[in-house]
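Q: sequence and predicted structure, then a few things I'm wondering about:
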Amino acid sequence: MTQGTGRCRAHTNIALIKYWGKQDEQLFLPMNSSLSLTLNAFYTDTKVTLDQALKQDVFLLNHQKQSAEQTLKISNFLDLFRHKYSISAKICVESINHVPTAAGLASSASAFAALAGAINEAARLNIGLQELSTFARRGSGSATRSIFGGFVEWQKGTCSTDSFAIPLDDAAWDIGMLIVVVNHREKIISSRQGMKRTVETSPFYPAWVKSSEKDLVEMKKAIVTKDFSKIGELAESSALKMHATMLSAQPPFTYFEPDSIRVIQRVQELRKKGLECYLTMDAGPNVKILCRLTDMDKLKQELSTEFSQDQMILSGVGSGIHSLSE
Ligand code: 2P0
C-alpha cells in the first residue's frame, strides 16, 4: 500500500475503575484491568494520508506542524502498522482536537484511538475493533478504551494480543459528567512517570491492584443492573484509592490542588442533601462529576456559586470511533 486516505473521529474517555501502573512499559500492559465511560464532549478528528512521495512523516495538530520530537512519537506508533503490514509509504497525519480550550484535559486517549482508526482506513487494513484497540494501546494506555463508546472494559490480558478493550453497554441512559476545570496548566508530573514511581515505591500499590480487581467485578454487576448509585460509589472509591497510592510513593506527589478539594467537598455535601453525584479525578487537578443527565443543570447551578460558567463543561455519553469519510 503506497497511497490512501482515512479519516476517523474518536472520543475521549474517563475511567471509572482506574488504570494506574504498567507491568510492561514497552507493550503498555497494565497491572490491572480498567473500565471507563466514553464522553461526547471531547474528541479528536484525524486524517491520515499515505504518500510515497513524502520523504518523512508529517504531523499537524490543530493546523500547526509539530516538532521533530512530537512527530517521532507518531512515527513510532505508525511503525507498528508499517512493520506488521509491510507499508513503506511515509505518512501525513492531520489532527484536530475538539477539547474546549480551557478544559486542560489530556487528549492522548482520543488522539491514538483516532489515529489507529484513520490508518486502518487509509491502508485498507480491515483490522477489527478489538484488535485495533491493541494498537491504540501502544500509543497510550487509555486510548485502548476510546475505540468503543459507552461503558468499556480494558482487559489487562497476559500479552500484547489479549490486552484489549471490549464494549460493555452503550450507556444510553440517564448518565453524564460535569467537568470542573480547576487548572489547565501543564501537569507537574506526567501520568507515565507518576504511575511508574507509584508501582516502584508505594507500599500501598499491591493493595490497589487487588482492590481494583474486586471493584471491577462489582462495577460490571452494577452496569448490568443499571445501578447508578453503586456505579458512582465504586467510581469515586477507585479514584480516591488511586490518588492515595501517589501520596504514599517516594518521593510523594499529588495532583490535588486546593480547588480540587473544594469540589470534592461540595460533591459530598450535595450528595448528603439528596443530589446524587460522585467524583473522579485523573492525573491532574480537574474534577469530573458523574451524575444523572436530568440532574446536570441543577448540579451546575449549585456549583456556580463557587465556580464560573466557563470552568464547568457538561458531557453526555460518547460513541466509539467512526469514519469521517463519505
Ligand atoms: C485512566 N489515567 O485509567 C488513568 C487514570 C490517568 C489516571 O490512563 O502511559 O495517558 O500513555 O499509558 O493512558 C492516563 O495515562 O498513560 C490514564 P500511558 P495514559 O484513565
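A: Sure, I can see it.
Q: now the phi/psi pair for residue 135, please.
A: Here is the backbone geometry of residue 135 (degrees, to the nearest 10): phi -70, psi -50.
Q: what sits against the residue nearest to it when sequence neighbours are not counted?
A: Among residues not flanking residue 135 along the chain, residue 116 sits closest, at 4.7 Å (CB to CB, 6 or more residues apart in numbering). Any C-beta I mention is one placed from the backbone N, CA and C, and that applies to glycine too. Each residue near residue 116 by CB atoms under 8 Å, 6 or more residues apart in numbering is listed here: 8, 132-133, 135-136, 139, 143, 147, 321.
Q: again, but for residue 242
A: By CB under 8 Å, 6+ apart, residue 242 lies in contact with 18, 20, 208.
Q: ok, residue 120 next?
A: Contacts for residue 120 (CB under 8 Å, 6+ apart) come out as 6, 8, 126-127, 132.
Q: helix or strand for it, which one?
A: Taking DSSP states H and E as the criterion, residue 120 maps to helix 108-122.
Q: do residue 210 as well
A: Using DSSP H and E, residue 210 sits in helix 205-224.
Q: and that helix, does that touch the ligand?
A: No: applying CB under 6 Å from any ligand atom, one finds helix 205-224 out of contact with the ligand, separated by at least 10.2 Å.
Q: likewise stretch 25-40?
A: Yes: residues of stretch 25-40 are located near the ligand by CB under 6 Å from any ligand atom, namely 28, 34.
Q: pretty sure residue 196 sits in a strand.
A: No: secondary structure assignment (DSSP: H, G, I helix; E, B strand; the rest coil) places residue 196 in helix, not in a strand.
Q: that one and residue 23 touch, don't they?
A: No: look at residue 196 against residue 23 with CB atoms under 8 Å: they stay out of range, at 11.5 Å.
Q: let me see the backbone angles for the residue of the stretch 1-150 of the chain found nearest the ligand.
A: In the stretch 1-150 of the chain, the residue that lies nearest the ligand is residue 141 (2.8 Å; CB to the nearest ligand atom). Here is the backbone geometry of residue 141 (degrees, to the nearest 10): phi -50, psi -50.
Q: quick one: residues contacting it.
A: Taking CB under 8 Å, 6+ apart, we find residue 141 in contact with 19, 22, 28, 30, 154.
Q: run through the bridge partners of the fourth one.
A: The reference is to residue 30. Per DSSP bridges, the residues bridged to residue 30 are residue 22.
Q: that one: how many residues sit nearby?
A: Neighbour count of residue 30, defined by other CB atoms under 10 Å: 25.
Q: what of the first one?
A: Taking other CB under 10 Å as the neighbour definition, residue 19 ends up with a count of 25.
Q: just checking, it touches residue 154?
A: Yes: the criterion here is CB under 8 Å, and residue 19 meets it with residue 154 at 6.6 Å.
Q: can you pick the most crowded of the contacts of residue 120?
A: Counting neighbours by other CB under 10 Å, residue 8 comes out on top of the contacts of residue 120 with 24 neighbours.
Q: which strand or helix spans that residue?
A: Residue 8 is located in strand 3-17, with elements delineated by DSSP H and E.
Q: against residue 310, how distant is residue 246?
A: Distance of residue 246 to residue 310, given as CB to CB, to the nearest Å: 28 Å.
Q: more neighbours, those two?
A: Neighbours per residue, other CB under 10 Å: of residue 246 and residue 310, the larger number sits with residue 246, 21 against 11.
Q: confirm that one sits in a helix?
A: Yes: membership of residue 246 in a helix is supported by three-state DSSP.
Q: how near is it to the ligand?
A: Using CB to the nearest ligand atom, to the nearest Å, residue 246 is found at 10 Å from the ligand.
Q: return the residues in contact with that residue.
A: Going by CB under 8 Å, 6+ apart, residue 246 touches 194, 198, 202, 252-255.
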